[in-house]
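Colleague: Here you go, sequence then predicted model.
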Amino acid sequence: MLYTKPTDGYRLAYRKNGSGRAVVMIHGSPGDGHEYDNLVALVAPHALTVVPDLRGFGLSDKHLDKGASALSLDGQAKAVIALIEELGLRDVVLVGYDIGGFTVQTVARRRPDLIAALVLAPPLPGVGRRILEVTAINEFWHATFFRTKLVEQVFDSNRDAIRALLKVHLDGWSGPGSTVTEQLLDHMVEVYSAPGAFTAGVSWFRTVEGNPVSDYAMETVPAPSDRLDKPVSVLWPEHDPLFPTEWSDTLDQFLSNFSFKFMPGVGHFSPTEAPQIFASEIFSHLSGKWRADVSHEPRSKRG
(Lines give C-alpha, C1' and ligand atoms only; values in the text may rest on other atoms or scores of the structure.)
Protein backbone atom coordinates (compact mmCIF):
# COMPACT_ATOMS: atom_id res chain seq x y z
CA MET A 1 0.00 0.00 0.00
CA LEU A 2 1.31 3.42 -1.01
CA TYR A 3 0.26 6.89 0.14
CA THR A 4 0.11 10.25 -1.60
CA LYS A 5 1.33 13.51 -0.17
CA PRO A 6 -1.48 15.28 1.75
CA THR A 7 -3.92 17.47 -0.18
CA ASP A 8 -6.16 19.57 2.10
CA GLY A 9 -4.64 17.48 4.91
CA TYR A 10 -5.77 14.13 3.43
CA ARG A 11 -3.56 11.37 2.07
CA LEU A 12 -4.90 8.79 -0.36
CA ALA A 13 -3.91 5.16 0.01
CA TYR A 14 -3.42 3.54 -3.38
CA ARG A 15 -2.22 0.36 -5.07
CA LYS A 16 0.00 0.47 -8.14
CA ASN A 17 0.69 -2.49 -10.42
CA GLY A 18 2.15 -3.04 -13.88
CA SER A 19 3.76 -0.52 -16.20
CA GLY A 20 3.01 1.49 -19.32
CA ARG A 21 -0.02 3.67 -20.03
CA ALA A 22 -1.92 4.54 -16.86
CA VAL A 23 -5.38 3.27 -15.98
CA VAL A 24 -6.85 4.86 -12.84
CA MET A 25 -9.83 3.06 -11.28
CA ILE A 26 -12.19 4.72 -8.77
CA HIS A 27 -14.43 2.64 -6.49
CA GLY A 28 -17.96 3.01 -5.15
CA SER A 29 -19.50 3.67 -1.71
CA PRO A 30 -19.21 2.27 0.84
CA GLY A 31 -16.31 0.32 -0.61
CA ASP A 32 -12.66 0.70 -1.54
CA GLY A 33 -10.16 -0.14 -4.24
CA HIS A 34 -10.49 -3.89 -3.70
CA GLU A 35 -13.65 -3.72 -5.83
CA TYR A 36 -11.22 -3.64 -8.78
CA ASP A 37 -9.05 -6.63 -7.82
CA ASN A 38 -10.52 -8.80 -10.59
CA LEU A 39 -10.04 -6.07 -13.18
CA VAL A 40 -6.50 -5.22 -12.07
CA ALA A 41 -5.53 -8.88 -12.52
CA LEU A 42 -6.53 -8.60 -16.19
CA VAL A 43 -5.15 -5.14 -16.95
CA ALA A 44 -1.90 -4.89 -14.94
CA PRO A 45 0.03 -7.30 -17.21
CA HIS A 46 -0.52 -4.80 -20.04
CA ALA A 47 -0.67 -1.34 -18.42
CA LEU A 48 0.00 0.61 -15.24
CA THR A 49 -2.98 0.33 -12.89
CA VAL A 50 -3.49 2.86 -10.09
CA VAL A 51 -6.35 2.16 -7.69
CA PRO A 52 -6.82 4.60 -4.79
CA ASP A 53 -9.13 4.51 -1.83
CA LEU A 54 -10.98 7.82 -1.93
CA ARG A 55 -10.82 10.23 1.00
CA GLY A 56 -12.64 8.71 3.97
CA PHE A 57 -12.65 5.22 2.44
CA GLY A 58 -10.58 2.10 2.93
CA LEU A 59 -7.10 2.96 4.24
CA SER A 60 -7.12 6.62 3.16
CA ASP A 61 -7.26 9.42 5.72
CA LYS A 62 -10.66 10.03 7.37
CA HIS A 63 -10.35 13.22 9.52
CA LEU A 64 -14.01 13.45 10.49
CA ASP A 65 -13.20 16.50 12.62
CA LYS A 66 -12.64 18.49 9.41
CA GLY A 67 -16.29 18.12 8.31
CA ALA A 68 -17.84 16.58 5.21
CA SER A 69 -16.81 19.12 2.57
CA ALA A 70 -13.42 17.51 1.87
CA LEU A 71 -15.22 14.17 1.43
CA SER A 72 -17.64 15.61 -1.13
CA LEU A 73 -17.54 15.19 -4.92
CA ASP A 74 -15.47 18.35 -5.16
CA GLY A 75 -12.95 17.15 -2.59
CA GLN A 76 -12.71 13.65 -4.07
CA ALA A 77 -12.10 14.96 -7.59
CA LYS A 78 -9.42 17.31 -6.24
CA ALA A 79 -7.69 14.38 -4.51
CA VAL A 80 -7.73 12.19 -7.64
CA ILE A 81 -6.28 15.03 -9.72
CA ALA A 82 -3.54 15.50 -7.12
CA LEU A 83 -2.75 11.76 -7.26
CA ILE A 84 -2.47 11.82 -11.06
CA GLU A 85 -0.21 14.87 -10.95
CA GLU A 86 1.97 13.50 -8.14
CA LEU A 87 2.62 10.33 -10.13
CA GLY A 88 3.31 12.35 -13.28
CA LEU A 89 0.63 10.55 -15.29
CA ARG A 90 -0.71 11.73 -18.63
CA ASP A 91 -3.16 10.31 -21.19
CA VAL A 92 -4.91 8.48 -18.37
CA VAL A 93 -7.80 6.09 -18.93
CA LEU A 94 -10.22 6.69 -16.05
CA VAL A 95 -12.54 3.90 -14.85
CA GLY A 96 -15.45 4.47 -12.51
CA TYR A 97 -18.86 3.37 -11.30
CA ASP A 98 -21.12 4.39 -8.40
CA ILE A 99 -19.58 7.48 -6.73
CA GLY A 100 -16.40 6.67 -8.64
CA GLY A 101 -18.35 7.37 -11.83
CA PHE A 102 -19.38 10.81 -10.59
CA THR A 103 -15.79 11.45 -9.52
CA VAL A 104 -14.04 10.54 -12.77
CA GLN A 105 -16.53 12.50 -14.87
CA THR A 106 -15.75 15.54 -12.72
CA VAL A 107 -12.00 14.96 -13.06
CA ALA A 108 -12.31 14.71 -16.86
CA ARG A 109 -14.21 18.01 -17.03
CA ARG A 110 -11.82 19.87 -14.76
CA ARG A 111 -8.54 18.52 -16.12
CA PRO A 112 -9.10 17.26 -19.67
CA ASP A 113 -5.38 17.75 -20.32
CA LEU A 114 -4.65 14.74 -18.09
CA ILE A 115 -7.27 12.39 -19.48
CA ALA A 116 -7.37 10.28 -22.65
CA ALA A 117 -10.63 8.38 -22.15
CA LEU A 118 -13.19 7.10 -19.66
CA VAL A 119 -14.79 3.71 -19.06
CA LEU A 120 -18.00 4.18 -17.08
CA ALA A 121 -20.86 2.22 -15.61
CA PRO A 122 -23.78 4.03 -13.97
CA PRO A 123 -24.32 6.56 -12.60
CA LEU A 124 -24.33 8.53 -15.83
CA PRO A 125 -26.08 11.75 -16.77
CA GLY A 126 -29.58 11.95 -18.19
CA VAL A 127 -31.68 10.57 -15.33
CA GLY A 128 -33.24 13.90 -14.48
CA ARG A 129 -36.51 14.00 -12.55
CA ARG A 130 -37.09 10.30 -13.18
CA ILE A 131 -35.11 9.91 -9.95
CA LEU A 132 -38.28 11.08 -8.14
CA GLU A 133 -40.43 8.21 -9.39
CA VAL A 134 -41.66 5.82 -6.70
CA THR A 135 -39.49 2.87 -7.73
CA ALA A 136 -36.35 5.00 -7.87
CA ILE A 137 -37.00 6.66 -4.51
CA ASN A 138 -37.48 3.25 -2.91
CA GLU A 139 -34.14 2.04 -4.28
CA PHE A 140 -32.26 5.17 -3.20
CA TRP A 141 -33.42 5.04 0.43
CA HIS A 142 -29.79 4.79 1.53
CA ALA A 143 -29.00 8.27 0.15
CA THR A 144 -31.32 9.78 2.78
CA PHE A 145 -30.61 7.27 5.54
CA PHE A 146 -26.86 7.96 5.43
CA ARG A 147 -27.57 11.62 6.21
CA THR A 148 -29.12 10.77 9.58
CA LYS A 149 -27.42 10.52 12.98
CA LEU A 150 -28.42 6.85 13.11
CA VAL A 151 -25.17 6.20 11.28
CA GLU A 152 -23.17 7.39 14.29
CA GLN A 153 -25.64 6.26 16.95
CA VAL A 154 -26.35 2.73 15.73
CA PHE A 155 -24.00 1.63 12.94
CA ASP A 156 -20.56 3.13 13.42
CA SER A 157 -18.21 0.59 15.09
CA ASN A 158 -21.09 -1.94 15.26
CA ARG A 159 -19.66 -4.85 13.28
CA ASP A 160 -22.89 -6.89 13.20
CA ALA A 161 -25.02 -3.94 12.08
CA ILE A 162 -22.49 -2.96 9.42
CA ARG A 163 -22.36 -6.52 8.12
CA ALA A 164 -26.15 -6.71 7.91
CA LEU A 165 -26.43 -3.40 6.05
CA LEU A 166 -23.62 -4.11 3.60
CA LYS A 167 -25.04 -7.56 2.91
CA VAL A 168 -28.40 -5.99 2.01
CA HIS A 169 -26.61 -3.82 -0.56
CA LEU A 170 -24.34 -6.54 -1.93
CA ASP A 171 -27.12 -9.14 -2.21
CA GLY A 172 -29.78 -6.77 -3.50
CA TRP A 173 -27.78 -4.87 -6.09
CA SER A 174 -25.66 -7.63 -7.65
CA GLY A 175 -26.69 -9.71 -10.65
CA PRO A 176 -28.24 -13.20 -10.47
CA GLY A 177 -25.66 -15.83 -9.54
CA SER A 178 -23.08 -13.17 -8.66
CA THR A 179 -20.32 -13.96 -6.16
CA VAL A 180 -19.83 -10.30 -5.21
CA THR A 181 -21.10 -10.80 -1.65
CA GLU A 182 -18.62 -13.60 -1.01
CA GLN A 183 -15.77 -11.63 -2.57
CA LEU A 184 -16.29 -8.32 -0.80
CA LEU A 185 -18.36 -8.65 2.37
CA ASP A 186 -15.75 -9.85 4.88
CA HIS A 187 -13.21 -7.31 3.65
CA MET A 188 -15.68 -4.42 3.72
CA VAL A 189 -16.88 -5.32 7.22
CA GLU A 190 -13.29 -5.42 8.46
CA VAL A 191 -12.44 -2.05 6.92
CA TYR A 192 -15.61 -0.23 7.99
CA SER A 193 -15.93 -1.56 11.54
CA ALA A 194 -13.15 0.64 12.93
CA PRO A 195 -14.39 3.68 14.90
CA GLY A 196 -15.39 6.48 12.53
CA ALA A 197 -14.79 4.44 9.38
CA PHE A 198 -18.41 3.79 8.47
CA THR A 199 -19.37 7.42 9.12
CA ALA A 200 -16.52 8.60 6.91
CA GLY A 201 -17.50 6.14 4.19
CA VAL A 202 -21.02 7.55 3.88
CA SER A 203 -20.09 11.23 4.33
CA TRP A 204 -20.35 11.69 0.54
CA PHE A 205 -24.14 11.65 0.94
CA ARG A 206 -24.04 14.44 3.53
CA THR A 207 -23.15 17.11 1.00
CA VAL A 208 -25.51 18.87 -1.41
CA GLU A 209 -24.08 17.34 -4.59
CA GLY A 210 -23.56 13.96 -2.91
CA ASN A 211 -27.26 13.10 -2.72
CA PRO A 212 -28.08 11.57 -6.13
CA VAL A 213 -31.80 12.16 -5.66
CA SER A 214 -31.55 15.93 -5.29
CA ASP A 215 -28.65 16.18 -7.74
CA TYR A 216 -30.49 14.36 -10.55
CA ALA A 217 -33.76 16.18 -9.78
CA MET A 218 -31.98 19.47 -10.53
CA GLU A 219 -30.16 18.16 -13.62
CA THR A 220 -30.33 20.30 -16.77
CA VAL A 221 -29.34 19.47 -20.33
CA PRO A 222 -26.11 21.26 -21.30
CA ALA A 223 -25.54 23.18 -24.49
CA PRO A 224 -23.95 20.99 -27.19
CA SER A 225 -20.64 22.79 -26.71
CA ASP A 226 -20.66 21.88 -23.01
CA ARG A 227 -21.14 18.13 -23.43
CA LEU A 228 -18.31 15.92 -22.21
CA ASP A 229 -16.28 15.31 -25.36
CA LYS A 230 -13.65 12.86 -24.14
CA PRO A 231 -13.98 9.32 -25.55
CA VAL A 232 -16.31 7.45 -23.19
CA SER A 233 -17.13 3.74 -23.09
CA VAL A 234 -20.53 3.39 -21.42
CA LEU A 235 -21.15 -0.06 -19.92
CA TRP A 236 -24.73 -0.50 -18.68
CA PRO A 237 -25.71 -3.47 -16.46
CA GLU A 238 -28.93 -5.38 -17.06
CA HIS A 239 -29.66 -5.96 -13.37
CA ASP A 240 -28.76 -2.69 -11.65
CA PRO A 241 -31.90 -1.77 -9.66
CA LEU A 242 -30.52 1.73 -9.06
CA PHE A 243 -30.10 2.53 -12.76
CA PRO A 244 -32.60 0.74 -15.03
CA THR A 245 -31.57 0.35 -18.65
CA GLU A 246 -34.26 2.74 -19.92
CA TRP A 247 -32.38 5.58 -18.24
CA SER A 248 -29.70 5.30 -20.94
CA ASP A 249 -31.96 6.95 -23.51
CA THR A 250 -30.61 10.54 -23.27
CA LEU A 251 -26.86 9.99 -23.06
CA ASP A 252 -26.28 11.77 -26.34
CA GLN A 253 -27.59 14.99 -24.77
CA PHE A 254 -24.70 14.92 -22.29
CA LEU A 255 -21.87 13.03 -24.03
CA SER A 256 -20.64 13.87 -27.52
CA ASN A 257 -18.17 11.04 -28.14
CA PHE A 258 -19.21 7.69 -26.69
CA SER A 259 -19.89 4.03 -27.29
CA PHE A 260 -22.53 1.95 -25.51
CA LYS A 261 -22.49 -1.68 -24.46
CA PHE A 262 -25.25 -3.51 -22.61
CA MET A 263 -24.00 -6.00 -19.94
CA PRO A 264 -26.42 -8.95 -19.77
CA GLY A 265 -26.75 -10.65 -16.39
CA VAL A 266 -24.66 -8.02 -14.59
CA GLY A 267 -25.70 -5.99 -11.54
CA HIS A 268 -24.60 -2.75 -9.93
CA PHE A 269 -21.15 -3.95 -8.85
CA SER A 270 -20.17 -4.34 -12.49
CA PRO A 271 -16.35 -4.01 -12.28
CA THR A 272 -16.30 -6.91 -9.82
CA GLU A 273 -18.96 -8.92 -11.65
CA ALA A 274 -17.83 -8.36 -15.25
CA PRO A 275 -14.13 -7.42 -15.27
CA GLN A 276 -13.60 -8.93 -18.74
CA ILE A 277 -16.03 -6.44 -20.29
CA PHE A 278 -14.27 -3.51 -18.61
CA ALA A 279 -10.86 -4.84 -19.61
CA SER A 280 -11.92 -5.13 -23.24
CA GLU A 281 -12.96 -1.47 -23.31
CA ILE A 282 -9.79 -0.35 -21.54
CA PHE A 283 -7.64 -2.23 -24.05
CA SER A 284 -9.54 -0.70 -26.96
CA HIS A 285 -8.67 2.78 -25.69
CA LEU A 286 -5.04 1.89 -24.97
CA SER A 287 -4.58 0.37 -28.43
CA GLY A 288 -6.26 3.19 -30.31
CA LYS A 289 -8.89 0.81 -31.71
CA TRP A 290 -11.83 2.35 -29.82
CA ARG A 291 -14.48 3.99 -31.95
CA ALA A 292 -17.55 5.98 -30.94
CA ASP A 293 -20.96 4.68 -31.94
CA VAL A 294 -22.12 6.16 -35.22
CA SER A 295 -25.77 5.98 -34.20
CA HIS A 296 -27.19 6.55 -30.74
CA GLU A 297 -30.55 4.87 -31.15
CA PRO A 298 -32.49 3.52 -28.11
CA ARG A 299 -29.98 1.47 -26.19
CA SER A 300 -31.84 -0.64 -23.65
CA LYS A 301 -31.88 -3.71 -25.92
CA ARG A 302 -28.55 -3.27 -27.65
CA GLY A 303 -25.58 -5.54 -27.09
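Modeller: Sure thing, it's come through. What you see is a predicted model, and the numbers here were worked out from it, not measured in a lab. Numbers count the residues shown, from 1 in each chain.

Colleague: Tell me how many other residues crowd residue 206.
Modeller: When counting by other CB atoms under 10 Å, one arrives at 18 neighbours for residue 206. Heads up, the C-betas are built off the backbone N, CA and C, glycines and all.

Colleague: Spatially, which residue comes closest to it, not counting chain neighbours?
Modeller: Leaving aside its sequence neighbours, residue 206 sits nearest to residue 68 (CB to CB, 6 or more residues apart in numbering; 4.5 Å).

Colleague: Low-confidence bits of this protein, can you list those?
Modeller: Of all residues in the chain, those with pLDDT under 70 make up the ranges 295-303.

Colleague: And for the most centrally placed residue in the chain, nearest residue in space, chain neighbours not counted?
Modeller: Ranked by distance to the mean C-alpha position of the chain (CA atoms, centre = their mean), the top residue is residue 100 at 2.2 Å. Spatial nearest neighbour of residue 100, chain neighbours left out: residue 26 (3.3 Å); criterion: CB to CB, 6+ apart.

Colleague: Can you name the residues in contact with the helix or strand harbouring residue 260?
Modeller: Residue 260 is part of strand 258-267 when elements are defined by DSSP states H and E. Here strand 258-267 makes contact (CB atoms under 8 Å, 6 or more residues apart in numbering) with 121, 173-178, 180, 231-241, 245, 248, 251-252, 270, 273-274, 277, 281, 290-293, 296, 299-303.

Colleague: Same check on stretch 4-14?
Modeller: By CB under 8 Å, 6+ apart, the residues outside stretch 4-14 that reach it are 1-3, 33, 50-55, 58-61, 63, 66, 70, 75, 78-80, 82-83, 86.

Colleague: So which of those residues are in helices?
Modeller: Judged by DSSP state H, helices contain the following of the contacts of stretch 4-14: 75, 78-80, 82-83, 86.

Colleague: PyMOL command for the buried members of the residues you listed?
Modeller: Buried subset of those, written as a PyMOL selection, criterion 16 or more other CB atoms under 10 Å:
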select buried, resi 75+78+79+80+82+83
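
Colleague: now, the most widely separated pair of the ones in helices among the contacts of stretch 4-14?
Modeller: Using CB to CB, the two most remote members of those are 75 and 86, lying 16.2 Å apart.

Colleague: partners of the strand holding residue 260, with directions?
Modeller: The strands beside strand 258-267 in its sheet (DSSP bridges) come out as strand 232-239 (parallel).

Colleague: Can you give the contact residues for the helix or strand hosting residue 142?
Modeller: Secondary structure from DSSP H and E places residue 142 in helix 141-145. Here helix 141-145 makes contact (CB under 8 Å, 6+ apart) with 151, 169, 205, 211-213.

Colleague: If you rank those by neighbours, which is first?
Modeller: Neighbour counts for those (other CB under 10 Å) peak at residue 205, which has 24 neighbours.

Colleague: Identify the residue spatially nearest to that one, adjacent ones excluded.
Modeller: Nearest one to residue 205, counting by CB to CB, 6+ apart, is residue 146 at 4.2 Å.

Colleague: So what's the residue count around that neighbour?
Modeller: Look at residue 146: counted by other CB under 10 Å, it has 23 neighbours.

Colleague: my read: it touches residue 201, true?
Modeller: No - contact between residue 146 and residue 201 fails when scored by CB atoms under 8 Å: they sit 9.0 Å apart.

Colleague: residues contacting residue 72?
Modeller: The neighbours of residue 72, taking CB under 8 Å, 6+ apart as the test, are 204, 207, 209-210.

Colleague: So which residues of the chain form strands?
Modeller: Along the chain, the stretches classed as strands by DSSP state E are 2-3, 13-17, 22-26, 48-52, 92-96, 115-120, 232-239, 258-267.

Colleague: Now render these as a markdown table, adding distance to residue 163 and mean neighbour count.
Modeller: Listed next are these as a markdown table, based on distance: least, CB to CB, whole Å; neighbours: other CB atoms under 10 Å:
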| stretch | distance to residue 163 | mean neighbour count |
| --- | --- | --- |
| strand 2-3 | 28 | 12 |
| strand 13-17 | 23 | 19 |
| strand 22-26 | 25 | 27 |
| strand 48-52 | 24 | 25 |
| strand 92-96 | 26 | 27 |
| strand 115-120 | 30 | 24 |
| strand 232-239 | 23 | 23 |
| strand 258-267 | 20 | 19 |
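
Colleague: can you put these in a markdown table and add distance to residue 162?
Modeller: A markdown table is the format used below for those (distance: least, CB to CB, whole Å):
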| stretch | distance to residue 162 |
| --- | --- |
| strand 2-3 | 25 |
| strand 13-17 | 20 |
| strand 22-26 | 22 |
| strand 48-52 | 22 |
| strand 92-96 | 24 |
| strand 115-120 | 28 |
| strand 232-239 | 25 |
| strand 258-267 | 21 |
